[in-house]
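Participant: pasting the structure only:
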């Protein structure tokens, strides 16, 4: 008996293909009403009714308040999309090692112009601290005052 109830509950929690299509369309950036019309192409609802119905589905309000499975699926997919976007943003920023690797590749590229190869070598050298414009001194030096007056 408990197994039958579990199966009924799982079936109840599962989205229909139209509902899944609707959520996927919203996640992909379509407005709620347009996503709804694509998921339910044979709907006879007015434009206003489609707007209300699609909003209720996504927000878990109205008749979807007691069974917010569409809203929960939307939140689940939205969280996944945010994590993917965050990872993509992190990949956009080059690390110091990646920059040096690129400069080394450019410096050794025989098909590149000579001036570009020289520039890559110069930037690599600066990054590695090979070229110093200032002399660093450490330690103590005695103070000597010379009075020629």
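Facilitator: Everything's here; your move. Predicted, not measured: the structure shown is a model, and the values here were computed from it.
Participant: if I look at residue 143, how far off is residue 127?
Facilitator: Plainly put, residue 143 is 37 Å away from residue 127 if you go by C-beta to C-beta, to the nearest Å. C-beta coordinates here come from the backbone N, C-alpha and C atoms, glycine included.
Participant: So for these two, which residue has more residues nearby?
Facilitator: residue 127 (13 against 5; other C-beta atoms under 10 Å).
Participant: how near is the residue most central in space within the chain to residue 16?
Facilitator: Geometric centre of the chain, nearest residue: residue 85, 1.3 Å, by C-alpha atoms, centre = their mean. Separation of residue 85 from residue 16 (C-beta to C-beta): 28 Å.
Participant: Kindly report the same for residue 142.
Facilitator: 88 Å.
Participant: Which one's more surrounded, the two?
Facilitator: More crowded of residue 142 and residue 16, by other C-beta under 10 Å: residue 16, with 11 against 4.
Participant: can you tell me how far that one sits from residue 114?
Facilitator: Applying C-beta to C-beta to residue 16 and residue 114 gives a distance of 65 Å.
Participant: same thing with residue 101?
Facilitator: 21 Å.
Participant: These two: who's more crowded?
Facilitator: Ranked by neighbour count (other C-beta under 10 Å), residue 101 and residue 114 place residue 101 first, with 12 against 7.
Participant: residue contacts, the more buried one?
Facilitator: Applying C-beta atoms under 8 Å, 6 or more residues apart in numbering to residue 101 gives no contacts.
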